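Student: turn this into a structure:
(one chain, ligands or ions: 1)
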Amino acid sequence: MKIYTRTGDKGTSSLYTGERRPKDDDIFEALGSTDELSSLLGLAIDYSEDAGNGLKVKLQKVQCLLQDIGSNVATPRSTAAENKLSKTTFDIDGSLVTELETWIDDLSAELPPLQNFILPSGGKASSTLHVARSVCRRAERRVVPIVSAGFADESTAKYLNRLSDFLFTAARIAAKHDRQPETIYRKFKQQEENNVIL
Ligand SMILES: Nc1ncnc2c1ncn2[C@@H]1O[C@H](COP(=O)(O)OP(=O)(O)OP(=O)(O)O)[C@@H](O)[C@H]1O
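Tutor: Residues are numbered from 1 along each chain as shown. Below is the predicted model:
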């Protein structure tokens, strides 16, 4: 089977239900943002593997779950048939969010307590995880209206909300593993403007 069908050439595409919508529909916007996030996680996994920071398995699981979130988002809960709904459920019992919380708590225990804003930085794995974190927040912003419209399950937005916290924590762990200092935000005074930071 070829990767292209040409059915999307006129600017519409299909949901999992078979319904066709314009490609700038909010649902494709949400799908696109979870896809972007998963692609960035691929890069974060590569850097994490190079560094041997132990995050790879968790990040790969998250990539699979983003695919599941996409399936939920692409299957409008209010109109889809029962067989499609049951194939695209996501985190019905909340155990996936609980798992993220456990990951966050366990990793946080290895880190110094947060006392200031830290700037996205900390080496290639860490900085990539910070980019992924901010794209995750965009994905959340795109998925929330789909949930509000009754098209996707609340659990999808909840997972993305917790995921950005996990990615923040993972970025700090990656920086620590690469022995990079955390760059702390500070308010610059006007006369320091031409000085080099830190
Ligand atoms: N630009 C897009 N952004 C986000 N999601 C998309 C986009 N285009 C399609 N999709 C979703 O991803 C699925 C797979 O994409 P694909 O590129 O195969 O669709 P298509 O453009 O409709 O078809 P084709 O590329 O074969 O003409 C689609 O069924 C649709 O749900």
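
Student: phi, psi of the residue of the chain found nearest the ligand?
Tutor: Closest to the ligand within the chain is residue 8: 2.1 Å, counting by CB to the nearest ligand atom. Backbone N, C-alpha and C define where each C-beta goes, glycine included. Dihedral pair for residue 8: phi -90, psi 0, per degrees, to the nearest 10.

Student: what number of residues lie near it?
Tutor: Neighbour count of residue 8, defined by other CB atoms under 10 Å: 12.

Student: separation between the residue nearest to it when sequence neighbours are not counted and residue 156?
Tutor: Using CB to CB, 6 or more residues apart in numbering and skipping residues adjacent in sequence, the residue nearest residue 8 is residue 23, 7.0 Å away. For residue 23, the distance to residue 156 (CB to CB, to the nearest Å) stands at 21 Å.

Student: same deal with residue 89?
Tutor: 11 Å.

Student: name the residues contacting each of those two.
Tutor: residue 72 (CB atoms under 8 Å, 6 or more residues apart in numbering).

Student: who's more crowded, these two?
Tutor: More neighbours surround residue 156 than the other of residue 89 and residue 156, with 28 against 14 (other CB under 10 Å).

Student: pLDDT on the host helix or strand of that one, on average?
Tutor: Using DSSP states H and E, residue 156 maps to helix 154-177. Averaging pLDDT along helix 154-177 yields 98.

Student: now do the buried residues in that helix.
Tutor: Within helix 154-177, the residues that count as buried by 16 or more other CB atoms under 10 Å are 155-177.
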